[in-house]
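Peer 1: below is the structure, and that's it, no one-letter string:
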């Protein structure tokens, strides 16, 4: 009974086992010592079947694309004269190509990964470095010539049926290859022409071929086009045209080229604001723009490296418990000797919100606003047993305090006033409603109190607030009860298309820092350098879209992953595709510059026009503490 059961199991295994072994994703590349010693499986095949059909596919494969795989699959799977072995051989140093983008080792590695990942290609298909071995052993004048490969293969396999397959473009070019046709005839090697999309082979040309097979693939692509896109385009359009392994390698290579052009190297884990650039866009930047971007990336890199080198310990009192600033943890960055090198604030928030704060602080600094850089991390103190907690860590500067008393704008330096006006533009652009309570910090030192101002709390960008929450915040922060009608604006939907400008119910209300600034301005208590702000806005508008796209990439990527292909914008109550959200955000930045310039013109005229809306509303505000 047991014997019968084992027999049935064995028969079932034979029935379900395919005749051809499927390719393993980890199939190794054949490293040949000579043409006669390609691989044990080839030797075993020829010992069993001396006249086995060996098909050769050779090319530079710079870069490997879907057309190459389609060609190889066509050669391997055409029923008529189906080969027993398909050898795919990258050319070492092709004499007809002056410049190759990838080294031989890189091209061999990418080709091997692409072949291993293609389910149409079974174990009969092997990638080999035979071209390099022949190049090393051949005389200088014969190196990397196709006819040298043909003759070497015939010498190695005298009884095998050999065929040499060429795609349509290479087939046409081969007419000019010295001694190639003669070597084929002398070595009795079939020349196989493989049709490719977007190419044409006339009948006279095809007479050279022993066979013409298939129509490889459905979409025309070339390595030349890939190299062009790598230098001056978005790689997204190549996803369907190259295997996944090649696409990932292209992304890494484009990042390397861009970072080299900027003169920076982004460490692992650090936000990369250059991520949306291609090399051609970097070359088109002015030297000043290139240096500004590079310096901002270096600042991010320094912050990342410091954090990685330090040991973090927790000070549970927070940044400033006497002012009740935050219940969040303060991290003390210590070196190995235990000396505190850096104070940081850790805010417990979900990863998407942490990434949003990271992107917003980078964006603010790029626009000229001084704000602590944030990074999304998961924190656990050394030796603790509780799980990792996601959040945002901010580099912190000791000696700062929130503006807890009435702020005298008349004493503020021109730089402080400039930054406040610029902050007004930035906060409305990103839809951040936290502009009335502790967003601005100043030095505690009395001599520096009105010479510097630091912006914080951009984590609520593109967020709607419940009006009752705002009522409670104003009462807690200022000790005042306000009517619900004065806080309803926080619960309205955010719109990317809404124009920037004066609105005494939103960013310009008497409960915001900006409303109090306008009150002091129209009453003659403070001067605004409008031309200076406009000059800063002009610099912002001159910045390339790729820069702002790079700053937003961390947030958008994380939100897309969490939203399973969509980005949720809480303030708008909508989900969009990532590309749609990115376009809306970037359009708002550049359009917002023009709209805010109109607002600045109205603001500049307001002190001399008591009948203007800005003058009448701002002058009626009560002085508030914030």
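Peer 2: Sure thing, it's come through. Keep in mind that this is a model prediction, so the values were computed, not measured.
Peer 1: what's the local residue count around residue 407?
Peer 2: When neighbours are defined as other C-beta atoms under 10 Å, residue 407 has 24 of them. From N, CA and C alone the C-beta is placed, and that goes for glycine too.
Peer 1: i'd like the first residue to be 559 from this point on
Peer 2: Yep, numbering from 559; the last one is residue 965 now.
Peer 1: that one: what secondary structure?
Peer 2: coil (DSSP: H, G, I helix; E, B strand; the rest coil).
Peer 1: also residue 1115?
Peer 2: Following three-state DSSP, residue 1115 is assigned to helix.
Peer 1: which helix or strand contains the residue nearest to residue 987 when sequence neighbours are not counted?
Peer 2: Leaving aside its sequence neighbours, residue 987 sits nearest to residue 1150 (C-beta to C-beta, 6 or more residues apart in numbering; 4.8 Å). Assigning secondary structure by DSSP states H and E places residue 1150 in helix 1136-1163.
Peer 1: just residue 1107 next, same as before
Peer 2: Residue 1107 belongs to helix 1103-1120, assigned by DSSP H and E.
Peer 1: returning to what we had before: now for the helix holding residue 1150, which elements pack on it?
Peer 2: Judged by 3 or more C-beta pairs under 8 Å, 6 or more residues apart in numbering; DSSP states H and E, helix 1136-1163 is in contact with helix 972-987, helix 1088-1100, helix 1103-1120, strand 1124-1127.
Peer 1: let's see that with 10 Å instead.
Peer 2: Helix 1136-1163 sits against helix 909-924, helix 972-987, helix 1071-1080, helix 1088-1100, helix 1103-1120, strand 1124-1127, strand 1132-1135, helix 1171-1177, with contacts defined as 3 or more C-beta pairs under 10 Å, 6 or more residues apart in numbering; DSSP states H and E.
Peer 1: mean confidence for the helix holding residue 1107?
Peer 2: The average pLDDT within helix 1103-1120 is 95.
Peer 1: before we move on, the earlier item: any chance of the helices and strands packed on helix 1136-1163 in TSV, with mean neighbour count and distance to residue 772 too?
Peer 2: Below are these laid out as TSV (neighbours: other C-beta atoms under 10 Å; distance: least, C-beta to C-beta, whole Å):
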stretch	mean neighbour count	distance to residue 772
helix 909-924	24	47
helix 972-987	22	55
helix 1071-1080	23	68
helix 1088-1100	16	52
helix 1103-1120	21	39
strand 1124-1127	20	40
strand 1132-1135	16	37
helix 1171-1177	19	73
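Peer 1: dump the ones you listed to JSON lines, plus distance to residue 660.
Peer 2: As requested, those are exported to JSON lines (distance: least, C-beta to C-beta, whole Å):
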{"stretch": "helix 909-924", "distance to residue 660": "33"}
{"stretch": "helix 972-987", "distance to residue 660": "42"}
{"stretch": "helix 1071-1080", "distance to residue 660": "54"}
{"stretch": "helix 1088-1100", "distance to residue 660": "36"}
{"stretch": "helix 1103-1120", "distance to residue 660": "25"}
{"stretch": "strand 1124-1127", "distance to residue 660": "35"}
{"stretch": "strand 1132-1135", "distance to residue 660": "33"}
{"stretch": "helix 1171-1177", "distance to residue 660": "61"}
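Peer 1: now for these, which one comes closest to residue 789?
Peer 2: helix 1103-1120 (14.3 Å; C-beta to C-beta).
Peer 1: which residues of the stretch 909-1058 of the chain score low on pLDDT?
Peer 2: By pLDDT under 70, the weakly predicted segments of the stretch 909-1058 of the chain are 937-945, 962-964, 994-996, 1035-1036, 1044, 1046-1047.
Peer 1: ranges for the strands of it?
Peer 2: Counting by DSSP state E, counting those that start in this stretch, the stretch 909-1058 of the chain has strands at residues 932-937, 947-954, 958-960, 998-1001, 1012-1013.
Peer 1: would JSON lines of these with distance to residue 787 and mean neighbour count be doable?
Peer 2: As requested, the strands of the stretch 909-1058 of the chain are arranged in JSON lines below (distance: least, C-beta to C-beta, whole Å; neighbours: other C-beta atoms under 10 Å):
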{"stretch": "strand 932-937", "distance to residue 787": "31", "mean neighbour count": "21"}
{"stretch": "strand 947-954", "distance to residue 787": "35", "mean neighbour count": "21"}
{"stretch": "strand 958-960", "distance to residue 787": "47", "mean neighbour count": "20"}
{"stretch": "strand 998-1001", "distance to residue 787": "45", "mean neighbour count": "21"}
{"stretch": "strand 1012-1013", "distance to residue 787": "39", "mean neighbour count": "20"}
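Peer 1: so for residue 1141, which of the ones you listed sits nearest?
Peer 2: Using C-beta to C-beta as the measure, strand 932-937 is the one of the strands of the stretch 909-1058 of the chain that comes nearest residue 1141, at 23.5 Å.
Peer 1: angle of the closest one against helix 1103-1120?
Peer 2: 30 degrees (axes from the mean of the first three to the mean of the last three C-alpha atoms, to 10 degrees).
Peer 1: give me the distance from strand 932-937 to the chain's centre.
Peer 2: Offset of strand 932-937 from its chain centre (C-alpha atoms, centre = their mean, to the nearest Å): 18 Å.
Peer 1: sounds good, over and out.
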